[in-house]
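Visitor: next comes the sequence, and after it the predicted model I'd like to discuss.
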Amino acid sequence: MATSPIMDLKSSANGAQASLNTAHFLPHGFESADAAADVAAKASLYNMQKLLGEDPTKMNRVTTKTVVTSVIRSERQIVTACANTSVLTHTLVDHDVVELVASKAPFIHMMARKIAMALTSRECMEYITKYPCNAKLHYYAFGLLNRTQCIFYKVLKDEGSIRAASPRNGNAHSKSVNLSSFQMATTTLDKGIETLLEVFANAKELELNSMYTNSVFSEASQTAYAASIQKRKLPDAFAGDPDNKSRKQLKREQDKLKLVKNVGAIVCTTKNPLSLPSDWPPGEIPLCPATLRNGSKGCTRGNCTKNHTKIEHWSKALIKCMISHVDKSSELIWNTVVATPEILGLQLNSRIPKKVPT
């Protein structure tokens, strides 16, 4: 058994368990149900392989991992831990489980019984109903159970007391047994029970132990959680400054620009590349097909040397050249939203397709 008190239940649950401690007596909650099932499946597989006489080199490794509940949400968990403690004690030492005389029952059983009786008393039930959260009470009671056990189990590591208590020729030197650990455990238990009764009577404020301070219910944990939630709701620090933008903002703006479709003067009824005249009027720069085509992304080349002038600024010679080219092509029609008859100087024969490809 562990002789060092648990300071952080969550860390103890996630870390390796070198020895049996008080947390192993807690019933499993929903957060540890999957882990417990996984460990049970691996242990069952190993036992099955061993029974079938599987070659040791092909067998799975022995599962030594233990699953411990990391959060205490109810006083019923502590009462169950007390019951499990009494059951384990009864398997080691045969005694009357309803015995009230301390000298006729093991100390561990009497300790678990006293704590369970305090947590199931009428005063405790009335105290619990007054507050929406009783995490302080839960962790204090479990801390009392854990600390008392750790102090008492130091007796099992006192080799001198063990040798003195061992029978020699039918006589045990019981007077040589060191009782300091037992007395400290008894004092700790009595003071803890007394504190609980005073708290139930509203005569004393409940103390905070390290397990509660390191739990998810502590004020520090709740403040940190609220700060993390608030941080998610804060606006981007670079949102109001156009000169200092994050890479994510710049990429978002570029993606929005890519989604804006170009409004060109010519509609191509197919997905083929836009064909342009091979001969241009003298002095005219060839038009950019990406800018000219309606529904495209537009010209994305930064060093494009072609003509990107809008149709309303074309010369008469360029307009005449493009009118002749569109009339000869069966795939091209004018976008009347941009290329109006007033700009082209003629009455257009609309050949709008049923569905204009983009």
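Guide: Yep, it's here.

Visitor: when you work out contacts or count neighbours from here on, use the C-alpha atoms and nothing else.
Guide: OK.

Visitor: how does this structure divide into domains?
Guide: Described in terms of automatic domain parsing, the domain architecture of the chain consists of the residue ranges 72-164+173-232, 266-344.

Visitor: now render these as a markdown table, adding mean neighbour count and distance to L250.
Guide: A markdown table is the format used below for the domains of the chain (neighbours: other CA atoms under 10 Å; distance: least, CA to CA, whole Å):
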| stretch | mean neighbour count | distance to L250 |
| --- | --- | --- |
| domain 72-164+173-232 | 16 | 20 |
| domain 266-344 | 15 | 17 |
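
Visitor: can you pull out the helices in the stretch 201-350 of the chain?
Guide: Chain-ordered helices for the stretch 201-350 of the chain, with DSSP state H, counting those that start in this stretch as the definition, fall at 210-213, 219-233, 247-259, 289-292, 316-328, 341-344.

Visitor: what's the least confident stretch among the ones you listed?
Guide: Mean pLDDT across the helices of the stretch 201-350 of the chain is lowest at helix 247-259; the value there is a mean of 75.

Visitor: identify all contacting residues around that one.
Guide: Residues lying outside helix 247-259 but in contact with it, judged by CA atoms under 8 Å, 6 or more residues apart in numbering, are K297.

Visitor: before we move on, the earlier item: could the helices of the stretch 201-350 of the chain go into TSV alongside distance to L137?
Guide: Compiled in TSV, the helices of the stretch 201-350 of the chain are given as follows (distance: least, CA to CA, whole Å):
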stretch	distance to L137
helix 210-213	9
helix 219-233	15
helix 247-259	47
helix 289-292	73
helix 316-328	86
helix 341-344	85
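
Visitor: just for the protein, where's the confidence low?
Guide: Within the chain, the segments meeting pLDDT under 70 span 14-18, 36, 39, 61-65, 165, 167-175, 233-244, 257-260, 346-358.

Visitor: which residue of it lies farthest from its centroid?
Guide: Of all residues in the chain, the one whose C-alpha sits farthest from the chain's mean C-alpha position, using CA atoms, centre = their mean, is P282 at 69.7 Å.

Visitor: if we can go back for a sec, mind putting the domains of the chain into JSON lines with distance to E253?
Guide: JSON lines is the format used below for the domains of the chain (distance: least, CA to CA, whole Å):
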{"stretch": "domain 72-164+173-232", "distance to E253": "21"}
{"stretch": "domain 266-344", "distance to E253": "15"}
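
Visitor: among those domains, single out whichever gets nearest to K50.
Guide: With distances scored as CA to CA, the stretch of the domains of the chain nearest to K50 is domain 72-164+173-232 (26.7 Å).

Visitor: show the contacting residues for S32.
Guide: Contact partners of S32, counting by CA under 8 Å, 6+ apart, are V67, V68, T69.
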